[in-house]
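Student: sequence and predicted structure, then a few things I'm wondering about:
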2 protein chains.
Amino acid sequence: IDAKAMAEARAHQDRLTKPRGSLGVLEDVAVRLAGIAAVCPPPLPTPAALAIFAADHGVHARGVSPWPQEVTAQMVANFTAGGAVANAFAAQVGATVTVVDVGVAVDLPPAPGLISYKVAYGTADLSQGPAMTAEQTRQALAAGAGVARDLVAAGHRCLITGDMGIANTTASAALICAFTGRDAESVTGRGTGIDDAMHRHKIEVVRQALPANGISPAGAVPTGPEEALRVLAAVGGLEHAAIAGFVLGAAAERVPVILDGVIAGSAALAAAALAPDVTGYCVAGHRSAEPGHAAALAHLGLRPLVDLELRLGEGTGGLLAQPLVAAAARVMREVATFDAAGVAEKKP
Amino acid sequence: IDAKAMAEARAHQDRLTKPRGSLGVLEDVAVRLAGIAAVCPPPLPTPAALAIFAADHGVHARGVSPWPQEVTAQMVANFTAGGAVANAFAAQVGATVTVVDVGVAVDLPPAPGLISYKVAYGTADLSQGPAMTAEQTRQALAAGAGVARDLVAAGHRCLITGDMGIANTTASAALICAFTGRDAESVTGRGTGIDDAMHRHKIEVVRQALPANGISPAGAVPTGPEEALRVLAAVGGLEHAAIAGFVLGAAAERVPVILDGVIAGSAALAAAALAPDVTGYCVAGHRSAEPGHAAALAHLGLRPLVDLELRLGEGTGGLLAQPLVAAAARVMREVATFDAAGVAEKKP
């Protein structure tokens, strides 16, 4: 991202009619937005577009979720009918909703706002071997990047990641283990809400996934894009790969991308391992209740904007952050300087 | 607030197409909104109105701020011209901005959006004796309540507190000491940004204010409305009293009021001491960088929605929280139930 525009943005912040630094974290967001667009003041990040990438997971068969796999397809229907929480939040912040089938286990009937980039009918079981082939992974990455490009071409100036896939917090935990070197126990959470016994079992499944895929179990993180791609294929999901592509696509278009929760955080780890500069285009929308999410954000060096114990996914946490990001940009465009407003400055 | 509507709201949350509890703190906000309106689902908290109460402070003469007192009036002009951060944030969330002169030290020229309820030309120095008379305090309370009533009569369904007054974090710290029993050192912050020497002096001024007004310096918090009014008059500001009245007015109208930062938090302590039930109508918009703010929120039992190290005031933190509050309400009104959407529930 552009250093000159960021320096200009920092200097401009200090001339505005407010005490220096008084907008806290939002001043950093505004500077980042200037760097992303390579212009100061940065454009408003509107209109915003949420893309919900939906896929199923072979690891579901291991009993890591209390929800039946059919719920992935049922929730896709709920999204396209406008009945999910993501739809309500999108309406609140004025974002469009696009649902992308990258790997739901069943064929889905056409619906408004639903795009098919189906790569497979779900992944293989990541605890036994690679969840995806290299080719499937590349296809899902390309699908995500293509959706980002199309949404920007349609006029959107802020992209928001969303996901739907029963059992996808298991794949997220495995990705976070592999990319951060953390152990399974510290990053595997209760997803949508599981009991102690299922949680212990889920940790065990995540722990098995690494050696089953020839990934060193503790501390050795993948280096280089080739190894990153192999890890993503091994323990990721089709929606994780698509979200990684979506993030890369947003960066290519110089548009900010707001990351939702642990699914997006783990996908962003893969994207950053493929292309380290991509992190500069990411805004961490929120911090979810999943323990692995905090680990992923710390590894990426991103500070979440919203922290309200959400654990729903769909893009809900990213949507809630959008007005905060827009507010940060508006300050740069609309607030008067001390000189222009005739306001006295603080005494030295 | 209405227990029956709250119980209905809790039950309704659990039927919606999302894992139970997955919206975290926003589920509590939605339940609270139902209780406030005494109906489930609760109405959307829109349109929203920000009221910025402006006043000056005798304690400014003690050298507790590096900003000249004229900045209060200059910022009022900035608000009415639309050039302040509060204006940019209000535009972002679709809130109207009303500026209320309850005690600016100079006469202000008429301006669009500016209302005069001037009670005095600033307060007396709270470190030497009472900042306000009982009559001034009552007038400022009535002004705030009147503004709340008028904004609701004009159709607003969410009120947001704002403030402007150079040196008003000093009065806030003194109020927080008096109402929570905390010591001056732990609740007195750096306001808009002061150096170590001025910070030490500011703590000393706050410490002097309590005995100078016959307020027991540690631990004994005022009981009963009469004593609450006396404390508010002694160490508060005209905008603090007006905001306390605004909060009481919002409660009387059964409309939620989003509290901004430490000024609003200290004013809400006074409002809650006058009428304990009023806290139920308050949503803590954010947690500011001022240490006293966290103490005030803990005493009130409120959890802030936004936590981004803001320390600007004006209502900026309250404005940022408005879309989060609206999103919580929208969930209750727009999200499908498991039955209606044909989505399978989690296995027991």
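Tutor: Nice, thanks for sending it over. Keep in mind that this is a model prediction, so the values were computed, not measured. Numbers count the residues shown, from 1 in each chain, chains lettered A, B, ... in the order given.

Student: was I right about residue A:62 contacting residue A:125?
Tutor: Yes - in this structure, residue A:62 is within contact of residue A:125 by C-beta atoms under 8 Å, at 6.6 Å. All C-beta spots, glycine's among them, are computed from the backbone N, C-alpha and C.

Student: so what's the gap between the least confident helix or strand in chain A by mean pLDDT and the chain middle?
Tutor: Lowest mean confidence among the helices and strands of chain A (mean pLDDT, DSSP states H and E): helix A:338-341, at a mean of 92. Distance of helix A:338-341 from the chain centroid (C-alpha atoms, centre = their mean, to the nearest Å) equals 39 Å.

Student: that helix close to chain B?
Tutor: Yes - counting by C-beta under 8 Å from any C-beta of the partner chain, chain B is contacted by helix A:338-341 at A:340, A:341.

Student: which residues does that helix contact?
Tutor: Contact with helix A:338-341 is made by A:15, A:16, A:17, A:344, A:345, B:74, B:77, B:78, B:81, B:83, as judged by C-beta atoms under 8 Å, 6 or more residues apart in numbering or on different chains.

Student: where's the residue nearest to residue A:26 when sequence neighbours are not counted relative to residue B:82, distance?
Tutor: What sits nearest to residue A:26 in space, not counting adjacent residues and going by C-beta to C-beta, 6 or more residues apart in numbering or on different chains, is residue A:328, at 4.2 Å. Residue A:328 sits 18 Å away from residue B:82, going by C-beta to C-beta, to the nearest Å.

Student: of those two, who's got more company?
Tutor: Legend: neighbour count by other C-beta atoms under 10 Å in any protein chain shown for residue A:328 and residue B:82, higher for residue A:328 (28 against 17).

Student: from the chain's centre, how far out does stretch A:295-304 sit?
Tutor: Relative to its parent chain, stretch A:295-304 has a centroid offset of 12 Å by C-alpha atoms, centre = their mean.

Student: er, stretch A:272-282 actually
Tutor: Taking mean C-alpha positions (C-alpha atoms, centre = their mean), stretch A:272-282 and its chain are 12 Å apart.

Student: just the buried positions in it, please.
Tutor: Neighbour counts over stretch A:272-282 (16 or more other C-beta atoms under 10 Å in any protein chain shown) mark A:272, A:273, A:274, A:278, A:279, A:280, A:281, A:282 as buried.

Student: same question, stretch A:59-67
Tutor: A:59, A:60, A:62, A:64, A:65, A:66, A:67.

Student: can you read off the pLDDT for the last one?
Tutor: Meaning residue A:67. pLDDT recorded at residue A:67 is 94.

Student: out of the contacts of helix A:338-341, who's the most crowded?
Tutor: In terms of neighbours by other C-beta under 10 Å, the contacts of helix A:338-341 top out with residue B:78 at 27 neighbours.

Student: what's in contact with the strand or helix carrying that one?
Tutor: Assigned by DSSP states H and E, residue B:78 belongs to helix B:70-81. Residues outside helix B:70-81 that contact it (C-beta under 8 Å, 6+ apart) are A:17, A:336, A:341-344, B:52, B:54-56, B:84, B:86-87, B:97, B:99, B:101, B:104-106, B:108, B:111-114, B:164-166, B:314.

Student: out of those, which sit inside strands?
Tutor: B:52, B:54, B:55, B:97, B:99, B:101, B:114, B:164 (DSSP state E).

Student: mind picking the two most distant members of the residues you listed?
Tutor: Taking C-beta to C-beta, the two most distant members of these are B:55 and B:97; they sit 17.1 Å apart.

Student: between the two, which is the more surrounded one?
Tutor: Set side by side, residue B:55 and residue B:97 show more neighbours around residue B:55, with 33 against 23, by other C-beta under 10 Å.

Student: dump the residue contacts of the more buried one.
Tutor: Per C-beta under 8 Å, 6+ apart, neighbours of residue B:55: B:72, B:101-104, B:122-123, B:140, B:164-165, B:168, B:237-239, B:242.

Student: contacts only, for the closest residue to it other than its chain neighbours.
Tutor: Of all residues not flanking residue B:55 in the chain, residue B:103 sits nearest, at 3.3 Å (C-beta to C-beta, 6+ apart). Residues near residue B:103 by C-beta under 8 Å, 6+ apart: B:54-56, B:118-123, B:140, B:165, B:237-239.

Student: let me know the closest of these to residue A:158.
Tutor: residue B:54 (34.3 Å).

Student: so how many other residues sit close to the closest one?
Tutor: The burial count for residue B:54: 28, using other C-beta under 10 Å.

Student: my guess is it meets residue B:101, correct?
Tutor: Yes - with contact defined as C-beta under 8 Å, residue B:54 counts as touching residue B:101 (5.5 Å).
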